[in-house]
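>>> sequence first, predicted coordinates after that:
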Amino acid sequence: MYLPRLLREHHIGSFIDDTPLEDQLDLQTLAMVEVANNVCETHLEKKHRFGIHHRFHSFKAGDLVLYDRPKQGDHKLSPIFKGPFVIVRPVGAVC
């Protein structure tokens, strides 16, 4: 059976050193629940922001596309995109 370590076992100075063990466990459990809620809220907020700005693309055979080339070395003045290329057959989903 898993029992969470108490704060005094982490060797962290705390204001709850003189409180009973049951109260320490309750405080630690409440803190863990709050952390889990914060992580969930942050995830949902980031998912919402991603969904606002993200555009889903679908390509068919025969479509013209440009390829976004990453900069390599000293190609500061080289074109950003390469192409146009013709889609021969779609392979999978595009993010």
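Nice, thanks for sending it over.

>>> C-alpha from now on. contacts and neighbour counts both.
Fine.

>>> which residues touch Ile87?
Ile87 is in contact with Phe59, Lys60, Ala61, Gly62, Asp63, Leu64, Val65, counting by Cα atoms under 8 Å, 6 or more residues apart in numbering.

>>> restricted to strands, list the residues you listed.
The strands in this structure, assigned by DSSP state E, contain Leu64, Val65 from those.

>>> give me the buried entries from the contacts of Ile87.
Buried subset of the contacts of Ile87 (neighbour count, 16 or more other Cα atoms under 10 Å): empty, as none qualifies.

>>> now the spatially most distant residue from the centre of the chain: how far from Gln24?
Ranked by distance from the centre of the chain (Cα atoms, centre = their mean), the top residue is Asp18, with 39.2 Å. Noted for Asp18: a distance of 10 Å to Gln24, by Cα to Cα, to the nearest Å.

>>> how about Leu64?
63 Å.

>>> now the strands: where do they sit in this protein?
Using DSSP E, the strands assigned to the chain run over residues 64-68, 81-86.

>>> now those strands in TSV, with distance to Ala31?
TSV is the format used below for the strands of the chain (distance: least, Cα to Cα, whole Å):
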stretch	distance to Ala31
strand 64-68	45
strand 81-86	49
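
>>> so for Thr42, which of the ones you listed sits nearest?
When the strands of the chain are compared by Cα to Cα, strand 64-68 sits nearest Thr42, at 30.4 Å.

>>> packing partners of that closest one?
Taking 3 or more Cα pairs under 8 Å, 6 or more residues apart in numbering; DSSP states H and E as contact, the helices and strands that strand 64-68 lies on are strand 81-86.
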